[in-house]
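Visitor: need the 3D shape of this:
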Amino acid sequence: MISPMKSRLLFLPALLLSLPLAFAQAPSGSVSFTFDRATFPVWDFTGAYQFNQQIVGNGILLPLSLQVFITHSLAGRLSGTGATMATIGQDLVAANYALNGAVSLGGNATRVTFTVTLAGSGLNLIAGQRRAYHVSLAYNLVVDPDTNNPPAWIAPERGAPVRGTVSVSGLGSAAVAPAGTDFAVALPPGVNGAWSVDMNILPLNRLGGTATIVVAGSAAPDRPAYQPASLTLGANLAGAYKPALALSQVQLTGLPGSSPATLQMNFVNGYAYPARMTGKILGQTVNY
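Guide: Now for the predicted structure:
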C-alpha cells in the first residue's frame with residue numbers, strides 16, 4: 001500500500017511538469033513596456049538650447065552665449081540652421097548659425113558631438129562699431145548619468161566639453177576658455193529619456209504583428225512648454241514563442257522608408273521589463 005505521504009510526493013513531479021502547459025501561453029494582442037532614466041533611457045534631443053561659455057580676451061574672461069535649435073534625425077544626426085541672437089562680451093548681436101553632429105553610445109552614457117558656427121556683420125555693433133565676426137565651436141558632451149539631477153548634457157570624464165575661437169573684424173581673435181567639470185547644458189522641457197514599446201502581436205506558427213516605439217521629446221513650438229511632445233516610430237514585428245521556457249523572442253524593424261530603428265526583445269508575459277533587449281534607436285545603442 002502506498003502511504004498518503006508517498007502518494008503526494010509521487011504527484012508533485014507530475015504537477016511541476018504540467019505547470020508550463022497550464023500557464024505558459026503565447027502573447028496575443030497588446031503587449032507594452034515602458035522605460036525611463038532609472039531603467040534604460042532613449043533620448044530625442046530635438047529642441048531649443050542655450051549655450052554659455054567664456055572667451056579669453058587679453059587676460060580677462062568675456063561672456064559668450066548663443067541660442068540654437070537642434071534637430072535630432074531618426075538616424076542619430078544632429079543639425080540646425082537659422083538666425084539667432086548671440087552675446088559677445090557685452091554686446092548682443094544678430095547671427096546666422098549652422099550646427100552639425102551626431103549621437104553615439106546609449107542609455108545614461110549617451111554622447112553628443114557637434115560643431116556650431118556663427119557669423120554676422122552689417123548692423124552688428126561690437127565695441128561701439130559695426131564689425132563682422134565669426135565664431136567656431138566644437139562640443140563634446142555626455143548625458144548626466146545622475147538621475148537625481150535634471151536632464152542635462154555635461155562635460156565628459158576626459159576631454160574638453162567645448163573648444164573654439166572667436167574673431168572680430170579689426171580686433172583680432174581669441175580662444176574659448178576651457179570649461180570646467182561644472183559645465184552643463186540643460187535639456188529642453190520634455191526631453192527626459194522616457195520611452196515605451198507598444199506591440200500588437202498575432203500568435204500563429206510564428207509571432208507577427210506591428211509595434212510603435214514612442215520617445216518623449218520637447219514641447220512643440222506651437223504648444224506651451226508644459227505640454228511635452230513625443231516621437232512615434234512605427235515598426236514591423238516578427239518572432240517566435242518557446243512554450244517550454246514561456247519565452248517570446250521578437251524583432252522590431254522600422255517601417256521601410258521611415259525609421260531605421262531595430263529592437264530585439266526576449267520577454268515573459270506578465271513581467272514589467274523584458275529579460276533581454278538590444279538594438280538601435282535614434283542613433284543610440286540599446287543594450288538592456
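Visitor: below-threshold pLDDT in the stretch 1-150 of the chain: ranges please.
Guide: 1-24, 121-127 (pLDDT under 70).
Visitor: let's see that with 90 instead.
Guide: Within the stretch 1-150 of the chain, the segments meeting pLDDT under 90 span 1-25, 57-62, 88-93, 120-132.
Visitor: any idea where the strands of it begin and end?
Guide: 29-35, 47-57, 60-72, 77-88, 91-104, 111-120, 125-126, 129-130, 133-143 (DSSP state E, counting those that start in this stretch).
Visitor: can you pull the domain assignment for the chain?
Guide: The chain breaks down into these domains under automatic domain parsing: 27-41+190-287, 47-186.
Visitor: please name the nearest non-neighbouring residue to residue 129.
Guide: residue 170 (7.3 Å; C-beta to C-beta, 6 or more residues apart in numbering). In this view, the C-beta of every residue, glycine as well, is placed from N, C-alpha and C.
Visitor: er, residue 281 actually
Guide: Counting by C-beta to C-beta, 6+ apart, the residue nearest residue 281 is residue 261, at 4.6 Å.
Visitor: which residues sit in contact with the one you found?
Guide: Going by C-beta atoms under 8 Å, 6 or more residues apart in numbering, residue 261 touches 74, 213, 233, 235, 252, 253, 254, 279, 280, 281, 282.
Visitor: okay, which residue is most central for the chain?
Guide: residue 43 (1.5 Å; C-alpha atoms, centre = their mean).
Visitor: just checking, that residue touches residue 286?
Guide: No: using C-beta atoms under 8 Å, residue 43 is not in contact with residue 286; the gap is 11.5 Å.
Visitor: how many neighbours does residue 219 have?
Guide: 18 (other C-beta atoms under 10 Å).
Visitor: so how far is residue 192 from it?
Guide: Separation of residue 219 from residue 192 (C-beta to C-beta, to the nearest Å): 12 Å.
Visitor: identify the contacts common to the two.
Guide: Joint contacts of residue 219 and residue 192 (C-beta under 8 Å, 6+ apart) do not exist.
Visitor: wait, what's in contact with the residue nearest to the centre of the chain?
Guide: Per C-beta under 8 Å, 6+ apart, neighbours of residue 43: 72, 103, 110, 143, 187, 191, 193, 215, 282, 284.
Visitor: among the strands of the stretch 1-150 of the chain, which is nearest residue 179?
Guide: strand 47-57 (5.9 Å; C-beta to C-beta).
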